[in-house]
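# Mind looking at a prediction? Sequence and model below.
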Amino acid sequence: MKPQQVLCAQCGNLRKIILSECPFCGETKTLDALQSQKLTYVINLEINMPTVEEAMDRFQDHLDVIKGKGIRMIKVIHGHGSSGSGGKIRQAFRQAMDYGLWGESITEVYYGEVLSNHHPEFKNLLERYPSIKQSITKDMQGNPGITLLIMDKNH
């Protein structure tokens, strides 16, 4: 049985409920379900240099924890790979997205390369979800090391 986890109010990472502060940023506050609905949830698959399997398990663990919390947007950091040609985690994650591995929870997938003002997919995204614009940070724009996920409202 996994220890119960909560979302950090500062960085959005998971932490064990028994910890008094977030091991990633030191924040002591956690998010309740209403607050989490407004959050761009961040999942960093690169922390501690995991194997591909560990990174994919980490993603699934995060999906399990946020289920029912109303989170609609997830920023996944999978990296671009140290060679610059696309790392193994990035390739595996994108392949899973392309094949719809989590299709019951994820309704839309936007790779970092399309998250720029001149890209038609990005313009279409903003037309459908205008409030997302304020959540797209500069580090996301055109970044092949991230993926933006729009979650099903019932997830």
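Looks like it came in fine.

# Following element in sequence after the worst-scoring helix or strand of the chain on mean pLDDT, please.
Across the helices and strands of the chain, mean confidence by mean pLDDT, DSSP states H and E is lowest for helix 33-36: a mean of 48. As assigned by DSSP states H and E, the chain's next helix or strand after helix 33-36 is strand 40-44.

# how many other residues sit next to E108?
Number of residues near E108 (other Cβ atoms under 10 Å) recorded here: 14. Backbone N, C-alpha and C define where each C-beta goes, glycine included.

# again with the one 5 residues further on
Burial of E113 is recorded as 16 neighbouring residues (other Cβ under 10 Å).

# Now do the contacts for it.
E113 makes contacts with 119, 142-144, as judged by Cβ atoms under 8 Å, 6 or more residues apart in numbering.

# again, only using 6 Å
Residues near E113 by Cβ atoms under 6 Å, 6 or more residues apart in numbering: P144.

# Reduced to three states, what does it come out as?
helix (DSSP: H, G, I helix; E, B strand; the rest coil).

# by how many degrees do the longest helix along the chain and strand 40-44 diverge?
Counting by DSSP state H, the longest helix found in the chain is helix 52-66. Interaxial angle of helix 52-66 relative to strand 40-44 (axes from the mean of the first three to the mean of the last three Cα atoms, to 10 degrees): 150 degrees.

# just the strands in this protein please.
5-7, 14-16, 40-44, 73-77, 106-111, 146-151 (DSSP state E).

# Which among those strands is found nearest to F59?
strand 40-44 (6.1 Å; Cβ to Cβ).

# So what are the sheet partners of that closest one and their directions?
Strand pairing for strand 40-44, using DSSP bridges, gives strand 73-77 (parallel).

# and V114, how many neighbours does it have?
18.

# Could you do V52 as well?
With neighbours defined by other Cβ under 10 Å, the count for V52 comes to 15.
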